[in-house]
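**Q** Predicted model, plus sequence, below.
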Amino acid sequence: MITRVVIAVLAVTSAVVVAGCNRANAPAENAAPAAAADASHAGHGRVFFVSPKNGETVKNPVQFEFGSETITIAAVPQGDVKETRPGMAHYHLGIDTGCTPVGEVIPRGVPTWVHFGTGSNKIEYPGTPGAHKFSLQAGDDLHRAIDGLCETIEVTIAE
Ligand SMILES: [Cu+2]
């Protein structure tokens, strides 16, 4: 007789409950729509100071030069301007002031704002020595501030 011994091993498996961090995984469908932060410049371009640079100490008079991307810098048409030309702008230099809110007319008058209605991108500016804030802002033909087109820098004018 052949005895078959069947050994049944009953493995009693304890249910090991691991209490992990119950972090809620945000579902993917909550992802933001296509409008990313960078999109604020898309289609609007940008304006910037070619010189002086932010944080720089410069001689008096200050040699300003402005640059732009995507937008076209052009002289304001002569006469009574009633409407704007899409994609066209001129520079404005704000002295010791921040950016004008989008859509508002950039103030006129020295010493706060200089309008570059000829389409120029340079100016020699004699300022008072010390720390100053300068803003470069693009405005349309009605001198209204355009969305995303303003940069402010801090510059020290040497004695
Ligand atoms: Cu203007």
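**A** All right, it came through fine.

**Q** Would you confirm that residue 85 contacts residue 73?
**A** No. Residue 85 is beyond contact range of residue 73, at 11.8 Å (criterion: CB atoms under 8 Å). No exception for glycine: its C-beta is placed from N, CA and C like everyone else's.

**Q** Those two: which has the busier surroundings?
**A** residue 73 (17 against 13; other CB atoms under 10 Å).

**Q** tell me which element residue 68 falls in.
**A** Element membership of residue 68, judged by DSSP states H and E, is strand 62-69.

**Q** quick one: contacts of that strand?
**A** 45-52, 89, 91, 93, 116, 121-127, 134, 136, 138, 149, 155, 157 (CB atoms under 8 Å, 6 or more residues apart in numbering).

**Q** what separates that strand from the chain centre, distance-wise?
**A** Per CA atoms, centre = their mean, to the nearest Å, the displacement of strand 62-69 from the mean C-alpha position of its chain is 17 Å.

**Q** ditto for stretch 47-67
**A** 18 Å.

**Q** Quick check: the gap between residue 86 and residue 141.
**A** 10 Å (CB to CB, to the nearest Å).

**Q** So if I had to pick from those two, which one is more boxed in?
**A** residue 141 (18 against 7).

**Q** Apart from its chain neighbours, what residue comes closest to that one?
**A** Nearest non-adjacent residue to residue 141, counting by CB to CB, 6 or more residues apart in numbering: residue 84, 4.5 Å away.

**Q** Checking that neighbour next. Helix, strand or coil?
**A** Following DSSP: H, G, I helix; E, B strand; the rest coil, we place residue 84 in the coil state.

**Q** Please apply the same query to residue 131.
**A** The local conformation at residue 131, judged by three-state DSSP, is strand.
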